[in-house]
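> sequence unknown, structure follows:
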């Protein structure tokens, strides 16, 4: 039987080997993908952040646990704290991103002429670097179990995806509900590669109806889509879709369901401009650290304090979904991936 010191000795050596192997796997995984121009080193580091917990994480955890067993006093305490930190890191990178959940929200008081509907709302899929093919298929399978009338996707479909977008996104064609969507900042500008038109064609080929800058009548509702705030021009679209907002020919706002990627885009709408306005982008913070995450969201992500869930605003009810994928770090902590089902009745 191996002693705890032998286990510690080999754990750290296997950890070092696994780190090198994960770098090699990252290099192997790198080609044949869309990449943000000029960021090859950053991209390679992100691949390494994806693969290293999967290949080296268990050895790191075993090393710290063995060290805690073999030492005393302050060193034991430090090793125990490091073990807890590694376990949290492994949970956030390997477990929680796989725990797709469904959250239900109900809004009442239908406008005249609008039918009761159930909407599945998702955002920030970020298929590609961190959100892999199996997760995309799992997302589609979960959507197909839901009794909803349509699926609304609030942008950021990709993140450094494979070159063959049409084939990679083919699972979307098997969704048994109508799918409507808009683009997000990762789809139309840096920090994403220049794939907008190819992505738009791939989504259309797989049955997704894109809504930017237009209104579609559906079950007595008016579905309206807007460009991304950073990479598009939502302001002129709002002016065109809500003409003469103070005049008699103003469109009926209470029948409008507005879809955009960023919450800040929804702030451009006129007062009570929508029965429901939907966005993503924030990831709900993705890694929720009380105090720090709200500060980060306010200062880097959104001017509005609409991060996750339903908000009462001057433009009407705003709903922000926390998304299903990840960027930056391949991890989620206390913000699991979410399909939001919104019932309007």
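Yep, that arrived. Predicted model, so just to flag it, every value in this text is computed and none were measured.
> only C-alpha atoms from now on, for both contacts and neighbour counts.
OK.
> longest helix of this protein?
Taking DSSP state H as the assignment, the helix of the chain that covers the most residues is helix 40-70.
> gap between it and the chain center?
24 Å (CA atoms, centre = their mean, to the nearest Å).
> for the remainder of this discussion, apply numbering that starts at 23.
With the count now opening at 23, the last piece we talked about shows up as helix 62-92.
> and the strands in the protein?
With DSSP state E as the criterion, the chain has strands at 123-129, 139-144, 149-150, 172-175, 180-181, 201-203, 230-232, 237-240, 243-247, 278-281, 298-301, 331-335, 338-342, 360-366.
> show me what contacts the residue nearest to residue 162 when sequence neighbours are not counted?
If you skip the residues right next to it in sequence, residue 162 has residue 197 as its closest partner in space, 6.1 Å away by CA to CA, 6 or more residues apart in numbering. For residue 197, the residues meeting the contact criterion (CA atoms under 8 Å, 6 or more residues apart in numbering) are 162-163, 165-166.
> export these to CSV and tack on neighbour count and distance to residue 358?
Written out in CSV, the entries for those read as follows (neighbours: other CA atoms under 10 Å; distance: CA to CA, whole Å):
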residue, neighbour count, distance to residue 358
162, 17, 17
163, 16, 18
165, 21, 16
166, 14, 20
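> centre of the chain to stretch 338-347, how far?
Relative to the mean C-alpha coordinate of its chain, stretch 338-347 is positioned 10 Å out (CA atoms, centre = their mean).
> same deal with stretch 210-228?
Distance of stretch 210-228 from its chain centroid, counting by CA atoms, centre = their mean, is 16 Å.
> ends of that stretch, how far apart?
Looking at stretch 210-228, the gap from its leading to its trailing residue is 19 Å under the measure CA to CA, to the nearest Å.
> show the average pLDDT along it.
Predicted confidence along stretch 210-228 averages 89 (mean pLDDT).
> who's in contact with it?
Stretch 210-228 has contacts (CA under 8 Å, 6+ apart) with 56-59, 181-182, 187-188, 191-195, 207-209, 231-232, 250, 252-254.
> domain parsing for this protein?
For the chain, whose domains are defined here by automatic domain parsing, the residue ranges read 26-119, 121-366.
> deepest in the core, which of those is it.
With neighbours defined as mean count of other CA atoms under 10 Å, the domains of the chain peak in mean count at domain 121-366, which reaches a mean of 19.
> can you check the pLDDT for the residue nearest the centre of the chain?
Relative to the mean C-alpha position of the chain, the nearest C-alpha, by CA atoms, centre = their mean, is the one of residue 146, at 2.7 Å. For residue 146, the model assigns a pLDDT of 98.
> how near is it to residue 175?
Using CA to CA, one gets 8 Å for the distance from residue 146 to residue 175.
> can you check residue 65 too?
Using CA to CA, one gets 26 Å for the distance from residue 65 to residue 175.
> same question for residue 233.
The value you get for residue 233 to residue 175, if CA to CA is used, is 10 Å.
> joint contacts of those two?
If you check residue 233 and residue 175 against CA under 8 Å, 6+ apart, the residues they both contact are 202-204.
> where in the stretch 73-222 of the chain is pLDDT low?
Scanning the stretch 73-222 of the chain for pLDDT under 70 picks out 212-213.
> tell me where it has helices.
Taking DSSP state H, counting those that start in this stretch, the helices of the stretch 73-222 of the chain run over residues 95-112, 155-167, 187-190, 207-210, 218-227.
> which among those is found nearest to residue 326?
For residue 326, the closest of the helices of the stretch 73-222 of the chain is helix 207-210, at 16.9 Å, according to CA to CA.
> just to revisit the earlier point, residue contacts, the residue nearest to the centre of the chain?
By CA under 8 Å, 6+ apart, the contact set of residue 146 is 176-180, 206, 302-303, 305, 344-348.
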